[in-house]
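**Student:** pasting a predicted model and its sequence here:
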Amino acid sequence: MAVDEPTARSPPTTAAAAAATATATATATATATAKLRNTAADLIQTPAHLRVQAEATFTWRIDAWSRLPDRAVSPEYTLDRDNGTRWRFLLYPRGNNDAHEVALYLESAPPEAPPWHRCGQFALAIAHPRDAAVFRHQTAQHRFTPESADWGFNAFLPIAALPTVVADDATVVSAHLRVLEDETGVLWHSFAHYDSKQVTGFVGLRNQGATCYMNSLLQSLYFTADLRRATYRIPTRHDKPDRSIPLALQRLFYNLQNAAEAPSTTELTTSFGWTSSDSFIHHDVQEFNRLLQDSLEANMKGTDAEGVISQLFRGKTKSWIRCLHVDYESSRVEDFFDIQLSVKDMKDVVQSFKQYTQVETLDGENRYMAEGHGLQEAEKGVTFLAFPQILHLQLKRFEFDLQRAQMVKVNDRFEFPPRLDLSDVLDADAAPSPDAPAPVYHLHGVLVHAGDLTAGHYCAFLKPERDGRWFKFDDDRVTPVTEREVYEENYGEVTRSGGDRRSTNAYMLVYIRDDVRDRMTQPPSNAEMPAELLQRIEADQLAAERQRLEAQQRHLYLTCKILTEATASGYGGLDLCAHSGVPLWQLPADANADAEADADTHADAAAATGHGPADFCFWHMVTRQNHTIRTDRCFDASLDDMTLADLSLKFGSQVSRDALSLFVQYFPVPVTPHSDSLALIFFKYFDAGAGDAMQRLIYKGATLVAPQHTTVAQLAPLMRRRAGLPAAEPLVVYEEVKPGMVAPLPARSTLTDLELGSGDILVFQTEAS
């Protein structure tokens, strides 16, 4: 509101004047309180559907503004019917992170222990101490919680404007507060750390990208108890969930029934044959529903669940044409699994049903060609012979607009009742049996679309229990809702401020016939599931949980491949081993426990080699350019302070992205391999075989040599001893370069001359062979 400068007044000079001033001050304070209270209706707009629990105006008289601390706290105030909640002002006269603005907040402190909340609408005002008509105000609404106990304005009033409301260093701070009843418990909820299961007892479904339409329908089907029971009874023993719609749906229903968090629908969409890109396309809900039902019905054949889909969802109509002047009538009986009702120009479901069954006269150029009678005036219509237990009504929210020559969304208001009696549209000649259930239904679900033809969002309002409350299922979030949210807010064509038409409205209704309501709203327990299915799902759940925990703890351990002499000895092929077959070791990778990790690694290596921890060293293995995997260097003293995690980061990627590969070399006598002058050379003996004996390539160990001083001939005695050959047996020696390639080695050349070093393999055989 506009703020006028207050009229200047002379300061009091006598006791009488002082008393008069005090009286005027008290009067001004009371006037400010009354004025704020009287204008609260204009300042605070409370929606008609929200009920006020408590309401009050309270003021804080400040007589020494200039002496206020940087953070000033008012006395505490309470409201009647607010359970003893204490309220107070928090005032920052010199700003809160902004030196140019006065900051003012309202703080709540209920008596109960957390978690607690209060939903409040409030107006805060700072008024001139002697002229209540001069004030500044701001309004807000907030859900006060232990995490957000105060709310207000960082920029309530420019400090430069303080002279308009502060006079003689005094002012009046006021608040008008309405505490509202929170019928659902989630009014103005931020949904930070919100737990659907804890609050409602139900979980939602994760959205894969654009699968909200599917999630809303799946929740509706899940809360059709007989369908859930029948789905569980489908035999799926040999099925795979990513290829079987029934099994994927069984697992999804189980997760909705037992999980603490919203499960994924990925298995189900994969079983449809969808790719990830299909999950970002809005499919037709009616077609998707038929796809599911057809698959379930086909898989129920030959089982004790056969026919359940028809029992639940199938009704019958009769389309007829009756000639007016000759005795001729044609009719056709058809099954239906849902009914499409017009929305445009219709008031409600009842009127739309009447239009659906309205008799049409065929005359003039539109006469009917009756067989044997020629063109005849006739009447044409549709009647209902039977209604299903579960009635799905598809509302025609999308129609072709002739003027625009395109599909448009129909946002017209269209009401739907909580109770629906369809006796008037049931064919009078259907002659139901005396004990046939009456076609009286109660609303069970409202599937809603918000948006237009090109973009939008889907959610579902469902009533899981017969006499329970309604809940909103919005992807992975489930919240309690009021009946107004179910009905009035989804009828459509609600005018917003500014005259815009609301585009959030119902597009599908689910009704349950009264005679089966008890059964349809009584969910099956785990005990009602086939034992084999339950055991399979629970086993899969445990396996998935183990994988999750392993992935969660994977960074705590290092995957290490340890190649030993025994591994190489048992291998008869090229290279040192079949590297993919080397077992993996899980070793601690704690960066703060290098000594312990090193000790554990030595103990594991000792166990692998069968020798003492001090009798061996680790050789790092690398992948060479020719794709062979060979030892490269010994982990010497310079690496002793590195943890296995550090070693993995430094060396692991040279062999495998995930594993550090090591060769454990056993030394029967103390040696010092930590030297660049020494190389670890491996030997293999080629046994050509005699007679019918098979040719063999036999690992014959390794040795440390000084390659620059060692010739091939000098290694020959060691080779003969390793192979058990006579001391004078002539040998031919080759280098195993890579699988499928060997190169002969001259006896008198040094290993350095031949460019041989650590990790190279010498293959020898007798000259005679």
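**Tutor:** Great, that's in hand.

**Student:** give me the number of residues near Gly307?
**Tutor:** For Gly307, the number of neighbouring residues by other C-beta atoms under 10 Å comes to 14. C-beta here means a position set from N, CA and C on the backbone, and glycine is covered the same way.

**Student:** and it, what does it touch?
**Tutor:** Met300 (C-beta atoms under 8 Å, 6 or more residues apart in numbering).

**Student:** same thing with Asp575?
**Tutor:** Under the criterion of C-beta under 8 Å, 6+ apart, the contact partners of Asp575 comprise 628-630, 736, 739, 761.

**Student:** now do the strands in the stretch 151-300 of the chain.
**Tutor:** Taking DSSP state E, counting those that start in this stretch as the test, the strands found in the stretch 151-300 of the chain are 171-180.

**Student:** so, low pLDDT: which residues of the stretch 101-250 of the chain?
**Tutor:** Within the stretch 101-250 of the chain, the set of residues satisfying pLDDT under 70 is empty.

**Student:** picking up where we left off before, what is the lowest-pLDDT residue among the contacts of Asp575?
**Tutor:** Lowest pLDDT of those: Pro739, 81.

**Student:** verify the stated contact: that one with Asn626.
**Tutor:** No: in terms of C-beta atoms under 8 Å, Pro739 does not count as a neighbour of Asn626; the distance is 9.0 Å.

**Student:** thinking again about what came up before, closest one to Asp518 out of the contacts of Asp575, please.
**Tutor:** In terms of C-beta to C-beta, no member of the contacts of Asp575 lies closer to Asp518 than Ile629, at 69.0 Å.

**Student:** how close does that closest one get to Val186?
**Tutor:** As defined by C-beta to C-beta, to the nearest Å, Ile629 lies at a distance of 60 Å from Val186.

**Student:** what about Arg404, distance to Leu453?
**Tutor:** Summarising the geometry, the distance separating Arg404 from Leu453, computed by C-beta to C-beta, is 11 Å.

**Student:** please apply the same query to Asn505.
**Tutor:** Going from Asn505 to Leu453 by C-beta to C-beta gives 13 Å.

**Student:** also Lys240?
**Tutor:** 37 Å.

**Student:** again with Asp284
**Tutor:** Noted for Asp284: a distance of 12 Å to Leu453, by C-beta to C-beta.

**Student:** so who does the nearest residue to Leu187 once chain neighbours are set aside touch?
**Tutor:** On the basis of C-beta to C-beta, 6 or more residues apart in numbering, the spatially nearest residue to Leu187 that is not a chain neighbour turns out to be Cys119, at 4.8 Å. By C-beta under 8 Å, 6+ apart, the contact set of Cys119 is 141-144, 179-182, 187-188.

**Student:** in the stretch 401-550 of the chain, which spans are helices?
**Tutor:** Listed in chain order, the helices of the stretch 401-550 of the chain (DSSP state H, counting those that start in this stretch) span 483-486, 517-520, 531-553.

**Student:** ditto for the stretch 651-769 of the chain
**Tutor:** With DSSP H, counting those that start in this stretch as the definition, the stretch 651-769 of the chain shows helices at residue ranges 712-723.
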